[in-house]
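S.K.: Sequence first, predicted model second:
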Amino acid sequence: MSHAVDILPALLNPGDPAAGDESLYSVGNAENYALYGSGVLSPADYPAAELAFHVDVQRWLAGDLPFLGLLSHRDRLGLDVRPHHDTRPLLPSEIALPDEVLADAVENEVPEAGVLIERILGEHHPRPTSGALAALAWVETLGPNRRGVDAWADGERDRKLVSAMRRVDRAPPCLYHDGVPLLPLSPSMRPPGGPPGVYVARAYRLGSGWAFSSRVDLAALPAIPPLLRRLRVEGWRLRTRERRATWEDVLRQRSAVLYRAAVEGAARAQLKAALPGPMPGA
């Protein structure tokens, strides 16, 4: 089965070598900027400013530019400083959507899933779990706006499962500790608690309670500030096309970045914890 999305970008950034097509340059929406942006660029100046932003994002990812170097682009392009939240409530699902169902959908519908799993787990990853494969189901791997879950839903006869998928689709993934979200999240989408451990997952309403889909367990708690900075930049990149995008839109549409950055951050935290401390008297 062929698809229009490259498995991995042709030019890999050393700061995020497992990134997918979201890392490539794509022309934004100047009309959206004119309608909803708060910047000062003219239509003639906008394309060059947007390209300069993309170049500097790549420099930042590679470690060649400090985060503060991106703020002038944010202001010129009229990108939100503090993204607003999606306040719509999550509608409950009648039945659960097991990760194994989504994992099977990926294996059946997504070519080169064994390579594409790097977009969820990074370059150096263990054998993928059903939760990691389920997370890949929500990523555009079959073309623009086309995901593994979309292809699966087209042919799935159990429409209750498809209805459950629609409910989970609205639930943004987040980093959790014992079911408590560690990233900003709309109050209507915050579960009261959940299974023990540190993980990235989609918390969705199930009947009168909650369930967690596409769960990837982490070996350690990643540092939150660099993870938030990474997601803030993804939010700015997303808003070059749609300035009304909410924080939850960023988590949903850049879910692979969240998973990958959290997994890699957990690996760094685990390594740091394993290193010997300073010598006595140092």
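M.R.: Yes, it's here.

S.K.: if we look at the host helix or strand of residue 59, which residues are touching it?
M.R.: Assigned by DSSP states H and E, residue 59 falls within helix 46-61. Applying C-beta atoms under 8 Å, 6 or more residues apart in numbering, the external contacts of helix 46-61 come out as 13, 15-16, 23, 25, 27-28, 30, 33, 41, 65-67, 69-70, 73, 76-77, 233, 236-237, 240. (Glycine included, C-beta is placed from N, CA and C.)

S.K.: How about stretch 217-235?
M.R.: Here stretch 217-235 has contacts from 22, 57, 60, 67, 70, 79-80, 83, 129, 131, 175, 177, 182-183, 197-200, 245, 247, 250-251, 254, 257-258, 261-270, 273, using C-beta under 8 Å, 6+ apart.

S.K.: could you redo the last one with a cut-off of 7 Å?
M.R.: With contacts defined as C-beta atoms under 7 Å, 6 or more residues apart in numbering, stretch 217-235 is touched by 57, 67, 70, 83, 177, 182-183, 197-199, 247, 250, 254, 257-258, 261-263, 265-266, 269-270, 273.

S.K.: ok, now stretch 177-190?
M.R.: 85-90, 171-172, 174-176, 191, 193-198, 221, 224, 228, 247-248.

S.K.: Identify each buried residue in it, please.
M.R.: 179, 181, 182, 183, 185, 186, 189 (16 or more other C-beta atoms under 10 Å).

S.K.: cool, and stretch 131-139?
M.R.: Quick answer for stretch 131-139 (16+ other C-beta under 10 Å): 131, 132, 133, 134, 135, 136, 137, 138, 139.

S.K.: Tabulate those residues in a markdown table, adding columns for pLDDT and secondary structure.
M.R.: Below are these laid out as a markdown table (pLDDT from 0 to 100; DSSP: H, G, I helix; E, B strand; the rest coil):
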| residue | pLDDT | secondary structure |
| --- | --- | --- |
| 131 | 98 | helix |
| 132 | 98 | helix |
| 133 | 98 | helix |
| 134 | 98 | helix |
| 135 | 98 | helix |
| 136 | 98 | helix |
| 137 | 98 | coil |
| 138 | 98 | coil |
| 139 | 96 | coil |
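
S.K.: For those, which two are the farthest from each other?
M.R.: Farthest apart among those by C-beta to C-beta are 131 and 139. That separation is 13.8 Å.

S.K.: Can you show me the strands along the stretch 151-282 of the chain?
M.R.: Ranges of strands in the stretch 151-282 of the chain, per DSSP state E, counting those that start in this stretch, are 173-177, 180-181, 198-206, 209-217.
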